[in-house]
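> What follows is a predicted structure for the sequence shown.
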Amino acid sequence: MATEVKPIPDGYHTITPSLIVSDAAKALEFYKAALGAEVLGVATTPDGSKVVHSVMKVGNSLVFVNDEFPNMGARSPQSLGGSPISLYLYVEDADAWFNRAVEAGATPTMPVADMFWGDRFGAVTDPYGHGWAFSTHVKDLSPEEIERASSEFFSQMANEKAG
């Protein structure tokens, strides 16, 4: 008896990030160490030299990872000189996630701190050029409170830059 194919497979959400890296096999090992990722599947080129497609699970989310294939327009942040995209993760303990990623080889880009929007937040860049932000919601704030705190935050940043 045939079953109906689901248009969205189990475990997937509307958006699934797909990361292009310069060495997917190494990157998957890094993501396991840095993010506690579970690799669910890997498909390689016939000679096994490149990852064509892989799926990893971080928390309750799935992320694709594959090697770059410049001839097909698939380039890593390293080939492009950086990436304007960062992956924002809500986690139980931003400090622990940040520290684990740094210990695994990520570069801190913003230390973990309590932020004006009510989250404890920190960010890193992984060795493959992708940005990861770790956030734990610690305080519920009204839009007015966030606006006031935002003004104070950016005013303080301007003062620090000028001083």
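Looks like it arrived, so ask away. Predicted model only: the values in this text are computed from it and were never measured. Numbers count the residues shown, from 1 in each chain.

> Any regions of the chain where pLDDT drops low?
For the chain, applying pLDDT under 70 flags the ranges 1, 163.

> Give me the neighbour count for Glu160.
When neighbours are defined as other Cβ atoms under 10 Å, Glu160 has 8 of them. Quick note: C-beta positions are derived from backbone N, CA and C, even for glycine.

> Please report how far it lies from Thr125.
22 Å (Cβ to Cβ, to the nearest Å).

> Next: Glu68.
For Glu68 relative to Thr125 (Cβ to Cβ), the value is 17 Å.

> So the two - more neighbours on which side?
Each of Glu68 and Thr125 has its neighbours counted (other Cβ under 10 Å); Glu68 has more, 21 against 18.

> Name the nearest residue to that one, sequence neighbours excluded.
Ser76 (4.5 Å; Cβ to Cβ, 6 or more residues apart in numbering).

> Compute the distance between that neighbour and Trp132, please.
Ser76 is 15 Å from Trp132, by Cβ to Cβ.

> ok, now Ser150?
Taking Cβ to Cβ, one finds Ser150 at 23 Å from Trp132.

> With neighbour numbers in mind, choose between the two.
For Ser150 and Trp132, the more surrounded residue by other Cβ under 10 Å is Trp132, and the numbers stand at 22 against 13.

> In a strand, the more buried one, correct?
Yes - per DSSP: H, G, I helix; E, B strand; the rest coil, Trp132 lies within a strand segment.

> Okay, helices next: where are they in the protein?
With DSSP state H, the ranges of helices along the chain come out as 24-35, 77-80, 94-104, 143-162.

> could the ones you listed go into CSV alongside distance to Thr136?
Below are these laid out as CSV (distance: least, Cβ to Cβ, whole Å):
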stretch, distance to Thr136
helix 24-35, 15
helix 77-80, 26
helix 94-104, 4
helix 143-162, 17
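
> got the buried residues for stretch 105-115?
Ala106, Val112, Met115 (16 or more other Cβ atoms under 10 Å).

> Apologies, that question was intended for stretch 5-25.
Neighbour count says stretch 5-25 has Leu19, Ile20, Val21, Ser22, Asp23, Ala24, Ala25 buried, by 16+ other Cβ under 10 Å.

> Skipping adjacent residues, who's closest to the fifth one in space?
Leaving aside its chain neighbours, Asp23 sits nearest to Asp67 (7.1 Å; criterion: Cβ to Cβ, 6+ apart).

> so that neighbour sits right up against Ala24, yeah?
Yes - using Cβ atoms under 8 Å, Asp67 makes contact with Ala24 at a distance of 4.4 Å.

> Perfect, that will be all.
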